[in-house]
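Novice: this is a predicted model, with the sequence first.
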Amino acid sequence: MYVNFFCTALQVDFSRHALENVRIVNNLQDGLGILYSDLYSSGVANTVKNSEFSGNRGNGISFRQLGLKISGKFIAECTLFNL
């Protein structure tokens, strides 16, 4: 049996990362998906800087938990919601 499904282009389960200069365009689902963030991490963890998420058929960025800092981003022309 062949199962065809669409996923987030970049999905992070337990985020303690600093993403910078990421470009995700024309994906069939969400551009960036953050499931859980490490709320107790220090420094520049849980940040998205100077990134582009455009033309995605889902959300530009989707997250399920607070704690994500977004700056200098470009999110446009996503089908559902831009953020």
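Specialist: Cool, got the structure. Numbering: from 1, shown residues only.
Novice: C-alpha from now on. contacts and neighbour counts both.
Specialist: Will do.
Novice: shaky segments in the chain?
Specialist: Within the chain, the stretches with pLDDT under 70 are 1-5, 81-83.
Novice: all strands of it, in order?
Specialist: Using DSSP state E, the strands of the chain run over 10-15, 18-20, 23-25, 32-37, 47-49, 52-54, 61-63, 69-71, 74-76.
Novice: residues contacting the residue positioned nearest the centre of the chain?
Specialist: For the chain, the residue sitting closest to the mean C-alpha position, by CA atoms, centre = their mean, is residue 32 at 2.0 Å. Neighbour list for residue 32: 8, 9, 10, 11, 24, 53, 60, 61, 62 [criterion: CA atoms under 8 Å, 6 or more residues apart in numbering].
Novice: run a quick neighbour tally on the residue lying closest to the fourth one once chain neighbours are set aside.
Specialist: So the one you mean is residue 11. Nearest residue to residue 11 in three dimensions, chain neighbours excluded: residue 33, at 4.6 Å (CA to CA, 6 or more residues apart in numbering). Using other CA atoms under 10 Å, residue 33 is surrounded by 20 other residues.
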